[in-house]
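*Asks:* whatever this is, show me its structure:
(one chain, ligands or ions: 1)
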Amino acid sequence: EQREVISYVVALLGANGVGKSALISQFMTSECINAYERQKDLGNQTVSIMLNGEESELTFQNVTNSKELDRTNPPDAFVVVYSVVDKASFSKAKTELITLENADLLRSRTVILAGNKIDLARSRAVSTQDGKCLACTYRAKFIEISVGINHNVDELLVGVLTQIRLKSLQV
Ligand code: GDP
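*Replies:* Below you'll find the predicted structure:
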């Protein structure tokens, strides 16, 4: 019996330079969760993931400004990325979360706040606690990652899909 593969769209939001493109590239090469059938088209990148015996397709969009989002057909999930060495990018992340809240997308969509570049520990400007607090305020999930040293990147990818599946059960 052939089961239908469900496709989801994941938008990465956040300031320039926080590592969104690098994160998408790293997702494409993920080894530990059977990610395969990588495609690149029109700047969007799609990966198929087998998780808990079920296959899903995730397409990633790098969106620097959430105002560019298509309100009539919003993505299934948002990963709001900032850099822990860049305070301004943390402010920008907060602005993005407020925009999502104002568009009434926090309730219906998966939102994950991701603090990147934790390999640059000596230059850290945003504490883990501040990240957690911001995520909590907007009922988002929180994770700290380093694309540079491939820390927590697979965990984030699995987390995105897991949260999407949980939300889709609540409708
Ligand atoms: P975008 O503008 O958000 O798409 O950011 P990019 O993906 O282009 O990354 C901006 C710069 O940050 C690039 O030079 C990356 O190599 C670098 N970068 C991304 N992630 C990390 C990380 O985890 N650690 C370090 N040290 N550098 C990173």
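*Asks:* check which helices and strands the biggest strand by length in the chain sits against.
*Replies:* Longest among the strand segments of the chain by residue count, using DSSP state E, is strand 54-63. In this structure, strand 54-63 packs against strand 6-13, helix 20-28, strand 44-51, helix 153-169, with contacts taken as 3 or more C-beta pairs under 8 Å, 6 or more residues apart in numbering; DSSP states H and E. To be clear about C-beta, it is placed using only N, CA and C from the backbone, and glycine gets the same treatment.
*Asks:* mean neighbour count, mean pLDDT and distance to residue 81 added to those, as CSV?
*Replies:* Compiled in CSV, the helices and strands packed on strand 54-63 are given as follows (neighbours: other C-beta atoms under 10 Å; pLDDT from 0 to 100; distance: least, C-beta to C-beta, whole Å):
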stretch, mean neighbour count, mean pLDDT, distance to residue 81
strand 6-13, 20, 94, 6
helix 20-28, 19, 92, 5
strand 44-51, 17, 84, 15
helix 153-169, 17, 93, 10
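*Asks:* tell me which of those lies nearest to the ligand.
*Replies:* When the helices and strands packed on strand 54-63 are compared for distance to the ligand using C-beta to the nearest ligand atom, the nearest one is helix 20-28, at 3.4 Å.
*Asks:* residues in contact with the closest one?
*Replies:* Under the contact criterion C-beta atoms under 8 Å, 6 or more residues apart in numbering, helix 20-28 has outside partners 12, 14, 35, 38, 45, 47, 58, 60, 62, 64, 79, 81, 114, 116, 145, 147-148, 150, 153, 156-157.
*Asks:* could you turn the buried ones of those into a PyMOL selection?
*Replies:* Buried subset of these, written as a PyMOL selection, criterion 16 or more other C-beta atoms under 10 Å:
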select buried, resi 12+14+35+45+47+58+60+62+64+79+81+114+116+145+147+153+156+157
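*Asks:* what subset of the contacts of helix 20-28 is also close to the ligand?
*Replies:* With C-beta under 6 Å from any ligand atom as the criterion, the members of the contacts of helix 20-28 in contact with the ligand are 14, 62, 116, 147-148.
*Asks:* nearest to residue 85, of these?
*Replies:* Minimum separation from residue 85 among these (C-beta to C-beta) is found for residue 116, which lies at 9.1 Å.
*Asks:* for the closest residue to residue 20 other than its chain neighbours, give its distance to residue 6.
*Replies:* Among residues not flanking residue 20 along the chain, residue 12 sits closest, at 4.4 Å (C-beta to C-beta, 6 or more residues apart in numbering). From residue 12 over to residue 6 the distance is 20 Å, taken as C-beta to C-beta, to the nearest Å.
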